[in-house]
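Peer 1: Model the following, please.
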Amino acid sequence: MSIKKRTKIREVLISSKFGSEFTLKGWVKTRRGSKKIAFIALNDGSTINNIQIVADITDFPEDLLRQVTTGACISVTGTLTPSMGSGQDVEIKATKIELYGPADPGSYPLQKKGHSLEFLREIAHLRPRTNTFGAILRLRHAMSYAIHKYFNDNGFYYLHTPIITGSDAEGAGEMFRVTTLDMMNPPKNGEGQIDYREDFFGRETNLTVSGQLEGELGALALSDIYTFGPTFRAENSNTPRHLAEFWMIEPEMAFYDINDNMDLAEDFLKYLVVYALENYFEDLQFLNNMYDKDLLSRLNSVINSDFVRITYTEAIDILNTSGVKFEFPTNWGSDLQSEHERYLVEKHFKKAVIITGYPKKIKPFYMKQNEDGKTVRAMDVLFPRIGEIVGGSQREENMQKLESRITELNLPRKDLWWYLDTRRFGSAPHAGFGLGFERMMLFITGMGNIRDVIPFPRTPNNAEF
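Peer 2: Next up is the predicted model:
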């Protein structure tokens, strides 16, 4: 059964069926012309490119054409002809135009002139109609599809981990609380604290910061799994790199060590870049020309060279002997900042870098400890312009070491009984990592603000749309 009721503009633009009739539906980008001919640039979101509609003014009611203005939604039926103008190979000579929805030129905010990205964030409900955000959203779709395709083709199973959780995988404590209690008059226990036993779930719950811990449960049964879903951080960071709601991809693999983990991360990231270049080049070319002249060369540089692999200690030595005065000091034991990561990638190695062997004290409890007792088998993948794009580790499968670390960090053991059971019953070596989807989208698109690579950004003091 065919469900096709119209032809997408991307299909018509590459067609050579001159003289054939097509019906196109979309939104008017611009309209120009003379007293005899109207030239309408139409776009339906299927491509960065518009198609030119040529309408003989004498063939259509004057009242109809008066409403065919920028932003209006129309249906056009006409014949495909070679274009006589520059910039396109084909055009449609209109025989029928139907107006679906007009757009008042006096109030429609997206006119032909350019608009700043800051202004477009204020009208996020309309910005998908711009060339920029049409390209970004098509690329976001492409990367979502490519992620599922990569893992499916490599034998992984897609695991749906909970959005509402009682655990804090990162130990950060910056979580959004989920409750049905009356916060103006909550029930109290004998100590005067909120009694969450009377809440919906009978305990304190939050929006997840990561699906990793539950992902490990899946890996220790299905071997190779991945999650791909929304995560939340109640971190009051008003920066171009932070969101309160974002998407994470988190594969977990049984019987992987840290080296297997690095191999997978490198292969996965390169696959995504190749997929974007091979399937959405026109959108990348537009973003390269309009926003970041080095975008295409940077994408190609990642796929055409092996990622450098160094230890945290080696990274600190490089930074300390660089002669560069960093804003944050580079002492062994301190976490690397974005300025350090970008120096290593963009100045020193000039290629993507994977750092391993971080100090135990700056990493979460679940990372496998090295024999030196000071470092863990963590890994961070660093990309140009982005810094850290992937964070992961080999997980600690030893029950005693894991329990010792939980005690050392004073974590609530009672909330992690189910996690500890996986080490008690049939423990196995395993590893995994997390890729922040919006960080990847920043790299793929060349955009400078993370709020411009997600349709409706959630940030401090902003939950519009």
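Peer 1: Not counting sequence-adjacent ones, nearest residue to the residue of the chain positioned farthest from its centre?
Peer 2: In the chain, residue 58 marks the outermost C-alpha relative to the chain mean, sitting 48.5 Å out by C-alpha atoms, centre = their mean. Spatial nearest neighbour of residue 58, excluding adjacent residues (C-beta to C-beta, 6 or more residues apart in numbering): residue 36 at 7.3 Å. Just so you know, the C-beta spots here come from the backbone N, C-alpha and C atoms, and that holds for glycine as well.
Peer 1: That neighbour: neighbouring residues, count only.
Peer 2: Counted by other C-beta atoms under 10 Å, the residues lying close to residue 36 total 8.
Peer 1: before we move on, the earlier item: what distance do you get for the residue farthest from the centre of the chain to residue 37?
Peer 2: Between residue 58 and residue 37 the computed distance is 10 Å (C-beta to C-beta, to the nearest Å).
Peer 1: Now do the strands in the stretch 51-200 of the chain.
Peer 2: Taking DSSP state E, counting those that start in this stretch as the test, the strands found in the stretch 51-200 of the chain are 51-56, 73-82, 90-101, 157-158, 164-165, 177-178.
Peer 1: most neighbours per residue, which of those?
Peer 2: Mean neighbours per residue, mean count of other C-beta atoms under 10 Å, is largest over those for strand 51-56, with a mean of 20.
Peer 1: What strands line up against that strand, and which way round?
Peer 2: Next to strand 51-56 in the sheet, as set by DSSP bridges, lie strand 37-43 (antiparallel), strand 90-101 (parallel).
Peer 1: Measure how far that strand is from the centre of its chain, please.
Peer 2: 37 Å (C-alpha atoms, centre = their mean, to the nearest Å).
Peer 1: next one: stretch 361-377
Peer 2: 29 Å.
Peer 1: on that earlier part again, any chance of TSV for the strands paired with strand 51-56, columns distance to residue 324?
Peer 2: TSV is the format used below for those (distance: least, C-beta to C-beta, whole Å):
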stretch	distance to residue 324
strand 37-43	46
strand 90-101	54
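Peer 1: so which of the ones you listed gets nearest residue 397?
Peer 2: Nearest of these to residue 397, taken as C-beta to C-beta: strand 37-43 at 53.2 Å.
Peer 1: in the closest one, what's buried?
Peer 2: For strand 37-43, burial by neighbour count (16 or more other C-beta atoms under 10 Å) applies to 38, 40, 41, 42, 43.
Peer 1: cool, stretch 198-217 as well?
Peer 2: By 16+ other C-beta under 10 Å, the buried positions in stretch 198-217 come out as 199, 205-217.
Peer 1: ok, of those residues, which one's closest to residue 155?
Peer 2: Nearest member of these to residue 155, counting by C-beta to C-beta, is residue 215, at 15.9 Å.
Peer 1: burial measure for residue 110, as a count.
Peer 2: Counted with other C-beta under 10 Å, residue 110 comes out at 17.
Peer 1: any idea how far it is from residue 129?
Peer 2: Distance from residue 110 to residue 129, by C-beta to C-beta: 6 Å.
Peer 1: got any residues that touch both of these two?
Peer 2: Shared contacts of residue 110 and residue 129, defined by C-beta atoms under 8 Å, 6 or more residues apart in numbering, comprise residue 71.
Peer 1: tell me the SS of residue 342?
Peer 2: Secondary structure assignment for residue 342 (DSSP: H, G, I helix; E, B strand; the rest coil): helix.
Peer 1: For the stretch 1-150 of the chain, just list every one of the helices.
Peer 2: Under the criterion DSSP state H, counting those that start in this stretch, the stretch 1-150 of the chain contains helices at 9-13, 62-66, 117-122, 131-153.
Peer 1: Local confidence estimate at the nearest residue to residue 292 once chain neighbours are set aside?
Peer 2: Leaving aside its chain neighbours, residue 292 sits nearest to residue 446 (3.2 Å; criterion: C-beta to C-beta, 6+ apart). Turning to residue 446, the model gives it a pLDDT of 97.
Peer 1: Okay, residue 446 and residue 322: tell me how far apart.
Peer 2: 26 Å.
Peer 1: Tell me how many other residues crowd the closest residue to residue 206 other than its chain neighbours.
Peer 2: In space, and not counting its chain neighbours, residue 206 is closest to residue 175: 3.8 Å by C-beta to C-beta, 6+ apart. Residues within reach of residue 175, counting by other C-beta under 10 Å, total 20.
Peer 1: In whichever strand or helix holds residue 441, which residues are buried?
Peer 2: For residue 441, the host element (DSSP states H and E) is helix 437-445. By 16+ other C-beta under 10 Å, the buried positions in helix 437-445 come out as 437, 438, 439, 440, 441, 442, 443, 444, 445.
Peer 1: Please work out which residues outside the helix or strand where residue 277 lies touch it.
Peer 2: Element membership for residue 277 (DSSP H and E) is helix 258-279. Identification of contacts with helix 258-279 by C-beta under 8 Å, 6+ apart yields 139, 142-143, 146-147, 149-150, 251, 253, 256, 284, 296, 299-300, 302-303, 306-307, 309, 352, 354, 356, 368, 377, 379, 381, 383, 389-390, 392-394, 431-433, 435, 440, 444.
Peer 1: Quick one: buried ones out of the residues you listed?
Peer 2: 139, 142-143, 146-147, 150, 251, 253, 256, 284, 296, 299, 302, 307, 352, 354, 356, 368, 377, 379, 381, 383, 389-390, 392-394, 431-433, 435, 440, 444.
Peer 1: Just the ones of those residues in helices?
Peer 2: With DSSP state H as the criterion, helices contain 139, 142, 143, 146, 147, 150, 284, 296, 299, 302, 440, 444 from among the buried ones among the contacts of helix 258-279.
Peer 1: Kindly present those as TSV, with separate columns for distance to residue 425.
Peer 2: Formatted as TSV, those follow (distance: C-beta to C-beta, whole Å):
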residue	distance to residue 425
139	43
142	41
143	37
146	36
147	31
150	31
284	48
296	50
299	45
302	41
440	35
444	41
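Peer 1: pLDDT score assigned to residue 167?
Peer 2: At residue 167, pLDDT is 75.
Peer 1: burial of it, as a residue count?
Peer 2: 22.
Peer 1: What separation do you get for it and residue 419?
Peer 2: Applying C-beta to C-beta to residue 167 and residue 419 gives a distance of 8 Å.
Peer 1: okay, residue 446 and residue 322: which has more neighbours?
Peer 2: More neighbours surround residue 446 than the other of residue 446 and residue 322, with 19 against 15 (other C-beta under 10 Å).
Peer 1: what's the one helix or strand residue 314 maps to in contact with?
Peer 2: Per DSSP H and E: residue 314 is located in helix 312-320. The contact list for helix 312-320, computed with C-beta under 8 Å, 6+ apart, reads 310, 326, 330-332, 336, 340, 343-344, 348, 355-359, 375.
Peer 1: Any buried residues in that helix, and which?
Peer 2: Buried, per 16+ other C-beta under 10 Å, within helix 312-320: 312, 313, 315, 316, 318, 319.
Peer 1: Quick check: residue 237 touching residue 460?
Peer 2: Yes - counting by C-beta atoms under 8 Å, residue 460 is a contact partner of residue 237 at 7.4 Å.
Peer 1: circling back: among the buried residues of helix 437-445, find me the one that's closest to residue 95.
Peer 2: Distances from residue 95 to these, taken by C-beta to C-beta, are shortest for residue 445, at 38.6 Å.
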